[in-house]
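Peer 1: After the sequence you'll find the predicted model.
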Amino acid sequence: MAVVLILSFFIKDFSRKAPMRTAEKFVKTCPRYKIDVVFYPETKRITALQEVTIVNDKTDSFQELYFHLYPNAFKTSDTVPFPREEMNRAYPEGFAPGYINIKEVLVKSERADYEIEDTILKVSLKRPFKPKEKLTLTFEYDVQIPPSCGRFGHGKNTFNIANWYPILAVYDEKGWHTEPYYSVGDPFYSEVGLYQVNIKAPKQYTIAASGSLKEKVEQGDVVTWSFTTGLVRDFAWIASANFETVEANVENTKVTSYYMKGKGEYGQKALEFAKKAISCFNEYFGDYPYDDYSVVAADFYIGGMEYPNLVMIGDEFYGPGDFLEYVVVHETAHQWWYGLVGNNQIEEAWLDEALTEYSTLLYYEHYYGKRAGRSVYEKVILNPYRLYEISMTPGPTLRHLSDFKDWTDYSAAVYNRGAIMLKDLESRVGRGKLHEALKLYFKDNLYKNATGEDFIKALNHVTGVDWTDYIHNWLTATEALDTAA
Ligand SMILES: [Zn+2]
């Protein structure tokens with residue numbers, strides 16, 4: 001029944017907007033997650049029962065399947081994905097462990113053998129899982145939420161529940177991707193799936209989540225929130241007893257801004273920035289195909305973080321200053337670059353981050369004019385990079401996440417240098433051509449995981465010139481940067 005519901009919702013949703021054939025292909029083969037959650041804010045715990053139905057759309061047979069258990073990175077203070085020097089900001093009340101405790105795994109309703117090594121769960125299958133076969137796994141688990149103000153944890157106002165459930169690892173031509181939770185960058189790589197998530201929570205809590213709220217059922221002191229999604233590559237939710245909301249429609253999407261009580265002026269601003277960003281990116285890249293998008297203030301000390309249909313924005317930005325707009329627009333651009341067009345953020349972080357920074361600059365140019373756009377570019381991208389170049393030797397933009405020294409190194413190489421490359425490219429191919437290439441890249445890679453080569457392919461196609469060496473040189477060079485942009 002749940003599946004039928006999701007399908008009908010999904011097809012209605014996509015028939016008006018996105019290329020139907022692309023969506024249909026993924027709807028047939030993508031994993032389907034159904035998760036029933038009970039949320040206990042008092043003890044900072046979650047219990048969950050999760051069903052995942054997987055279709056083997058590969059040409060290989062599998063004897064085992066791999067899932068990420070990201071909460072286990074939060075078990076000890078030595079393994080948490082935060083730099084040492086930021087531990088006080090990450091854990092303002094001091095360290096306490098977070099983890100996921102797997103109680104049982106069933107494969108086709110039979111108890112299965114499994115092994116856990118840090119953040120990876122390997123499920124052994126009794127029979128080979130052959131191409132075109134379908135398999136349902138059931139996980140019973142509970143999750144301890146740590147007192148950390150990051151993607152996964154809680155602060156004084158919000159519970160940030162992201163990267164919290166067993167998610168199927170990607171299997172591609174390189175095999176299984178079982179990378180750990182690195183402390184630099186966004187160490188995630190996933191395929192799109194369809195989700196139905198029911199969350200039981202005390203009734204004083206409001207829940208913002210990926211997907212769309214389909215139903216809210218109150219029974220005594222408990223409310224069950226039921227969410228379903230379109231094709232998305234993750235499911236995140238944020239709970240708070242202090243949320244207020246404002247909402248508005250932009251084209252085909254309802255945008256909701258969640259903010260802390262008393263910060264209505266800035267909650268309204270966040271809503272306006274998100275609306276403008278969606279409208280701008282719909283026009284430049286292609287339509288946002290979902291019914292809902294939520295911008296959520298959170299106890300989050302690292303700026304902002306993107307998840308499908310939901311971005312968390314540090315509550316500290318809900319006040320005077322320019323950062324709120326920049327962060328909301330940046331995270332919204334990720335809905336296109338990381339969300340709709342995915343990529344391996346461990347091996348090619350530049351692909352979503354550089355495109356996202358470039359898109360953010362595009363927003364400023366679009367709404368405030370070229371001069372304002374230029375000024376933001378210099379202030380946020382070019383000058384910080386120049387400064388970095390004076391004091392440090394920059395490493396190449398294209399690196400595996402484990403090869404970045406720290407966030408400063410990552411930020412300079414990936415965000416700044418990556419965006420400078422795109423601005424330089426814009427000055428060479430022309431603004432119109434670059435935007436045409438981005439549109440084509442979006443259309444060709446919607447719901448897929450793209451690579452740098454896919455970006456180059458779109459660029460070459462639109463311009464009729466081969467940009468392969470140019471992009472490779474920019475991404476791999478370590479000498480001082482020379483740009484006309
Ligand atoms: Zn980003």
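Peer 2: On my side now, so go ahead.

Peer 1: beta partners of the closest residue to residue 305 other than its chain neighbours?
Peer 2: Leaving out its chain neighbours, the residue that sits closest to residue 305 by CB to CB, 6 or more residues apart in numbering is residue 312, at 4.9 Å. Placement of C-beta: from N, CA and C, glycine included. Bridge pairing for residue 312 (DSSP bridges) gives the partners residue 296, residue 305.

Peer 1: tally of neighbours for residue 312?
Peer 2: 29 (other CB atoms under 10 Å).

Peer 1: domain assignment for this structure?
Peer 2: When the chain is parsed with automatic domain parsing, its domains come out as 2-260, 349-476.

Peer 1: Nearest approach to the ion belongs to which of those?
Peer 2: Ranking the domains of the chain by proximity to the ion (CB to the ion) places domain 349-476 first, at 4.9 Å.

Peer 1: Restrict stretch 291-303 to CA atoms and write it as PDB.
Peer 2: Presented in PDB, the C-alpha positions along stretch 291-303 are these (Å, rounded to 0.1, in the frame of the first residue of the first chain):
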ATOM      1  CA  ASP A 291       6.600  19.900  -4.000                       C
ATOM      2  CA  ASP A 292       8.500  21.000  -0.900                       C
ATOM      3  CA  TYR A 293      11.600  22.700   0.200                       C
ATOM      4  CA  SER A 294      12.500  23.600   3.800                       C
ATOM      5  CA  VAL A 295      15.100  26.000   5.100                       C
ATOM      6  CA  VAL A 296      15.700  25.100   8.800                       C
ATOM      7  CA  ALA A 297      17.500  27.100  11.500                       C
ATOM      8  CA  ALA A 298      19.500  24.600  13.600                       C
ATOM      9  CA  ASP A 299      22.100  24.400  16.300                       C
ATOM     10  CA  PHE A 300      24.700  23.900  13.700                       C
ATOM     11  CA  TYR A 301      28.100  25.600  14.100                       C
ATOM     12  CA  ILE A 302      29.500  24.900  10.600                       C
ATOM     13  CA  GLY A 303      27.400  27.300   8.500                       C
END
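
Peer 1: how about it: buried residues?
Peer 2: 291, 292, 293, 294, 295, 296, 297, 298, 299, 300, 301 (16 or more other CB atoms under 10 Å).

Peer 1: which regions of the chain lie under the pLDDT threshold?
Peer 2: Low-confidence regions of the chain, defined here as pLDDT under 70, cover residues 1-21, 479-481, 484-485.

Peer 1: At the contact with the ion, which residues of it appear?
Peer 2: On the criterion CB under 5 Å from the ion, the ion has as its neighbours in the chain the residues 353, 356.

Peer 1: residue closest to the middle of the protein?
Peer 2: Averaging the C-alpha coordinates of the chain gives a centre point, and the residue nearest to it by CA atoms, centre = their mean is residue 307 (3.4 Å).

Peer 1: Tell me if I'm right that it and residue 236 touch.
Peer 2: Yes. Contact between residue 307 and residue 236 holds when scored by CB atoms under 8 Å: they sit 3.7 Å apart.
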